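Enquirer: kindly return the folded structure for what I paste below:
(one chain, ligands or ions: 1)
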Amino acid sequence: MARYLGLDASTQSLSALIIDIDTGAVCANHSVVFGERLPQYNSPKGFLVHEDPRVRHSDPLMWVEALELLLADLVKAGVDLGSVRGVSGAGQQHGSVYLARSFNTVGAWSTDRPLHDQVRPLLSRRTSPIWMDSATSAECAEIARAAGGDDRVVALTGSRAIERFTGPQIRKFYKDSPADWARTSEIHLVSSFMASLLVAASAPIDLGDGAGMNLLDLSAGTWSRELLDATAPGLGAKLRTPVPCATRVGVLADYFVKKYGFSPETPVIAFTGDNPSSLVGMGASRPGTAVISLGTSDTVFAAMAAPRTDPRGYGHVFGNPAGGFMALACFANGSLAREEIAHRFGLDWDVFADAILKRTRPGNDGNLLLPYFVPEITPRLPAPVVRWFGSDAFVNGREPFAAARAVVETQALSLRLHSRWIGEDMNPILVTGGASKNPGILRVLADVFQARIVPLKVSNSSALGGALRAAQAVGGTAWEELARCFSAPAIHLAVEPDPATRALYDKAGRELEHRLNEALANPFVKG
Ligand code: XUL
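Expert: Modelled structure (predicted):
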């Protein structure tokens with residue numbers, strides 16, 4: 001039996017997915033939702049509440065405890081972890097973990113104590129800034145200035161200095177907590193942190209996720225001396241050399257063999273970012289297929305035939321785990337905004353879909369709604385601001401069905417507007433993430449993009465990507481074969497565009513662009 005385990009440490013949950021290469025089956029797909037199972041961490045949405053809406057941190061020990069809960073759940077469900085031949089996985093991108101003592105000093109985890117009790121004394125910083133944090137504008141400006149300007153940072157790293165990226169976050173820590181910085185000996189991304197737990201040693205950062213740090217020289221595949229120096233003194237010594245995504249970083253620690261029944265010597269492949277992992281899980285690792293992921297954040301991404309950067313400075317270039325690069329644009333107010341609008345208007349998801357499909361018309365009589373409950377990344381605008389653009393009754397919030405359609409349409413128009421720079425073909429578009437199950441949302445995406453929208457059979461493409469990467473690196477199965485077996489589209493759920501809606505969405509797109517340009521000129525004025 002050739003089975004491979006993929007893990008996905010995302011913002012709100014940790015998931016595990018096991019594939020069987022011989023039968024082509026997904027034999028397990030489990031999640032631990034932090035807010036539900038670990039209420040002691042006071043993180044109902046996966047992060048700690050902070051009075052400053054720009055500050056978003058999580059407790060890394062919550063991820064450690066979740067790993068143990070998840071593995072215990074798998075065993076309880078009768079999954080034979082001894083049949084797993086390799087493990088890999090992914091983490092939410094950009095988040096960072098700071099250690100006073102390297103994982104390499106651990107030797108072996110003791111089975112007498114839970115893992116989080118053994119990780120706690122290693123930390124030099126109790127909390128981890130995550131991708132939703134936007135409190136580092138000053139540090140971004142300082143890094144860009146020291147490195148010779150925005151264009152130089154883009155040329156080296158594929159992105160401008162960006163608030164949530166790890167380099168600016170590291171600089172803020174160095175400035176705000178010099179003593180803790182001085183005792184920090186090792187810095188991890190969420191991805192390399194999770195891999196390190198599994199091998200009880202320091203796992204290096206991979207080139208896919210490393211590209212989201214504003215520190216990696218993309219063309220050389222090494223940390224950029226210029227950017228290390230621009231970020232914080234001594235930073236180079238706290239980071240291990242980055243490695244290609246298919247690197248074997250060790251074998252599963254005895255702790256997991258003894259406690260959960262894994263086989264001794266099970267190889268662990270470098271973990272990567274959730275978006276690069278999803279690219280593989282969606283079977284989109286070759287150029288020609290775009291993906292929209294509707295998770296806590298919404299992202300649009302695609303493998304790139306040649307690296308290309310966003311002239312407006314919002315988009316990014318990351319490493320593609322199958323080789324080469326991928327383009328990505330990230331929208332912080334994805335599900336968070338849809339959930340908030342549904343909640344405010346008392347709509348459950350069936351009614352929400354019905355509101356779009358049956359009770360309102362495409363274009364929504366010109367009403368647009370782009371709510372920012374957290375600071376937006378693409379385009380960069382502050383929060384909280386609910387931007388209503390439309391008729392009086394609509395703006396006064398008396399039209400719940402129109403609001404449901406408007407938030408989805410306006411988000412889709414913004415996705416389209418801000419992914420033009422990627423330049424890859426956007427038809428068909430594969431969709432993943434929780435909201436990709438909502439037929440109303442799929443209908444709007446098809447019409448706004450004038451493209452065939454195709455969901456995948458397997459949900460959780462990031463954990464699937466982890467399992468596929470383990471199968472490719474350990475078992476040597478070709479990407480094409482893996483994609484054919486496991487990334488099959490759910491053709492019966494595909495949605496075709498209605499060409500009659502093209503003109504009205506082109507008009508609405510121009511209107512949104514105009515409104516956003518106005519908002520960017522006066523970011524603090526409510527729309
Ligand atoms: C991508 C990004 C988010 C996180 C969260 O740049 O910030 O998509 O990876 O999952």
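
Enquirer: show me the shaky parts of the stretch 401-527 of the chain.
Expert: For the stretch 401-527 of the chain, the stretches with pLDDT under 70 are 524-527.

Enquirer: can you give me the strands for it?
Expert: 429-432, 453-455 (DSSP state E, counting those that start in this stretch).

Enquirer: flag every residue of the protein that's near the ligand.
Expert: 10-11, 92-94, 131, 164, 212, 273-275, 297, 299, 328, 330 (C-beta under 6 Å from any ligand atom). C-beta coordinates here come from the backbone N, C-alpha and C atoms, glycine included.

Enquirer: confidence-wise, which of these comes last?
Expert: Among these, residue 297 carries the lowest pLDDT, at 88.

Enquirer: so which of the strands of the stretch 401-527 of the chain is the most packed in?
Expert: Greatest average neighbour count among these goes to strand 429-432 (a mean of 25), per mean count of other C-beta atoms under 10 Å.

Enquirer: counting by contacts, list what it packs against.
Expert: Applying 3 or more C-beta pairs under 8 Å, 6 or more residues apart in numbering; DSSP states H and E, one finds that strand 429-432 contacts strand 290-294, helix 439-449, strand 453-455.

Enquirer: export the ones you listed to CSV and tack on distance to residue 372?
Expert: What follows is the helices and strands packed on strand 429-432, written out as CSV (distance: least, C-beta to C-beta, whole Å):
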stretch, distance to residue 372
strand 290-294, 17
helix 439-449, 19
strand 453-455, 25
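
Enquirer: which residues in the stretch 251-400 of the chain form strands?
Expert: 267-269, 272-273, 290-294, 298-304, 316-319, 325-331, 368-372, 385-389.

Enquirer: list the helices and strands the helix or strand of the chain with the lowest mean pLDDT packs on?
Expert: Sorting the helices and strands of the chain by mean pLDDT, DSSP states H and E puts helix 392-395 at the bottom, at a mean of 70. Helices and strands touching helix 392-395, by 3+ C-beta pairs under 8 Å, 6+ apart, are strand 385-389, helix 400-417.

Enquirer: any chance of TSV for the ones you listed, columns mean neighbour count and distance to residue 152?
Expert: Converted to TSV, the helices and strands packed on helix 392-395 look like this (neighbours: other C-beta atoms under 10 Å; distance: least, C-beta to C-beta, whole Å):
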stretch	mean neighbour count	distance to residue 152
strand 385-389	20	32
helix 400-417	24	27
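
Enquirer: to residue 305, which of those lies closest?
Expert: Residue 305 lies closest, by C-beta to C-beta, to one member of the helices and strands packed on helix 392-395: helix 400-417, at 20.6 Å.

Enquirer: quick one: the closest one to strand 368-372, angle?
Expert: 80 degrees (axes from the mean of the first three to the mean of the last three C-alpha atoms, to 10 degrees).

Enquirer: and helix 400-417, how far out from the chain middle?
Expert: Relative to the centre of its chain, helix 400-417 is centred 21 Å away, using C-alpha atoms, centre = their mean, to the nearest Å.

Enquirer: on that earlier part again, could I get the buried residue list for the least confident helix or strand of the chain?
Expert: Using 16 or more other C-beta atoms under 10 Å as the test for burial, helix 392-395 gives 394-395.

Enquirer: how about residues contacting it?
Expert: 367, 369, 388-389, 399, 402-403, 406 (C-beta atoms under 8 Å, 6 or more residues apart in numbering).

Enquirer: closest one of these to residue 75?
Expert: Nearest to residue 75 among the contacts of helix 392-395, with distances taken as C-beta to C-beta, is residue 403, at 44.7 Å.

Enquirer: in this structure the closest one contacts residue 343, no?
Expert: No: counting by C-beta atoms under 8 Å, residue 403 does not reach residue 343; the two are 11.5 Å apart.

Enquirer: which one is residue 346 nearest to, not counting chain neighbours?
Expert: Nearest residue to residue 346, sequence neighbours excluded (C-beta to C-beta, 6 or more residues apart in numbering): residue 400, at 7.3 Å.

Enquirer: what do you get for residue 142?
Expert: That would be residue 171: by C-beta to C-beta, 6+ apart, it lies 6.8 Å from residue 142.

Enquirer: show the backbone phi and psi for that neighbour.
Expert: Phi and psi for residue 171, reported as degrees, to the nearest 10, are phi -60, psi -40.

Enquirer: residues touching it, list them.
Expert: 136, 139, 142-143, 231-232.

Enquirer: can we see that at 6 Å?
Expert: 139, 231-232 (C-beta atoms under 6 Å, 6 or more residues apart in numbering).

Enquirer: out of those, who has the most neighbours?
Expert: residue 231 (27 neighbours; other C-beta atoms under 10 Å).

Enquirer: gap between that one and residue 153?
Expert: 11 Å (C-beta to C-beta, to the nearest Å).

Enquirer: then residue 438?
Expert: 37 Å.

Enquirer: again, but for residue 162
Expert: 9 Å.

Enquirer: sorry, back to before: just the buried residues of the residues of the chain next to the ligand.
Expert: Using 16+ other C-beta under 10 Å, the buried members of the residues of the chain next to the ligand are 10-11, 92-94, 131, 164, 212, 273-275, 297, 299, 328, 330.

Enquirer: report the beta-bridge partners for the closest residue to residue 102 other than its chain neighbours.
Expert: Closest residue to residue 102 apart from its sequence neighbours, by C-beta to C-beta, 6+ apart: residue 186 at 4.6 Å. Beta-bridge partners recorded for residue 186 (DSSP bridges): residue 99.

Enquirer: could you list the low-pLDDT ranges of this protein?
Expert: 384, 393, 524-527.

Enquirer: which one's the longest helix in it?
Expert: Secondary structure of the chain per DSSP state H: the longest helix is helix 502-521.

Enquirer: from the middle of its chain, how far away would that one be?
Expert: That offset, for helix 502-521, works out to 27 Å (C-alpha atoms, centre = their mean).

Enquirer: now do stretch 494-510
Expert: On C-alpha atoms, centre = their mean, the centre of stretch 494-510 falls 28 Å from that of its chain.
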